[in-house]
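*Asks:* Make a model of this:
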Amino acid sequence: MSDILNPRAHLRRHWHQAKADFWRHWRWCFELAPTDLWGRNRALRRVRVRLILDLGTIRSLYWQALGQGFLSIAKAIGNWWAKTADLHQLGRVVL
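*Replies:* Reported below is the predicted structural model:
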């Protein structure tokens, strides 16, 4: 079976991409943001919205993995979620 048609591989790819997107947006928001106040405020609003969307994507992937019986992927996402709970402040458990 082609890797693209393999549901486990497909879900794993989405998980890695969502995690990379979260960290890219996190870094931009808190480390690389523009220095001018007006541009910074406008840009930060957009990036913070992206961070929330990234977390929603990760949460969705967690529930998809559980629903499809891919417990190793769900466990990896759950562990990542718990480790980053202090950053996203949405709790240690994926709800």
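
*Asks:* Run through the protein and note the low-pLDDT ranges.
*Replies:* The model of the chain has pLDDT under 70 over residues 1-4, 32-40.

*Asks:* longest helix anywhere in it?
*Replies:* For the chain, the helix with the greatest residue count under DSSP state H is helix 37-68.

*Asks:* That helix: how far from the chain's middle?
*Replies:* Using C-alpha atoms, centre = their mean, to the nearest Å, the mean C-alpha position of helix 37-68 is found 7 Å from that of the whole chain.

*Asks:* Which neighbouring elements make contact with that helix?
*Replies:* helix 7-30, helix 71-83 (3 or more C-beta pairs under 8 Å, 6 or more residues apart in numbering; DSSP states H and E). Backbone N, C-alpha and C define where each C-beta goes, glycine included.

*Asks:* Next, give phi and psi for residue 92.
*Replies:* As for residue 92, its main-chain torsions (degrees, to the nearest 10) stand at phi -80, psi -10.

*Asks:* That one reaches residue 85, doesn't it?
*Replies:* Yes - using C-beta atoms under 8 Å, residue 92 is in contact with residue 85, at 4.4 Å.

*Asks:* Look at these two and report which has more neighbours.
*Replies:* Neighbour count, other C-beta atoms under 10 Å: between residue 92 and residue 85, residue 85 has more, with 14 against 11.

*Asks:* Residue 13 versus the more buried one, what's the distance?
*Replies:* Going from residue 85 to residue 13 by C-beta to C-beta, to the nearest Å gives 24 Å.

*Asks:* excluding its backbone neighbours, what's nearest residue 26?
*Replies:* Using C-beta to C-beta, 6 or more residues apart in numbering and skipping residues adjacent in sequence, the residue nearest residue 26 is residue 51, 6.4 Å away.

*Asks:* can I get the CA coordinates of stretch 88-95 in CSV?
*Replies:* C-alpha atoms of stretch 88-95 as CSV (Å, rounded to 0.1, in the frame of the first residue of the first chain):
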residue,chain,number,x,y,z
HIS,A,88,-0.6,26.7,25.8
GLN,A,89,-2.4,26.8,29.2
LEU,A,90,-5.2,24.5,28.0
GLY,A,91,-4.5,21.9,30.6
ARG,A,92,-2.4,18.7,30.7
VAL,A,93,-5.1,16.5,29.2
VAL,A,94,-6.5,16.8,25.7
LEU,A,95,-10.2,17.4,25.9
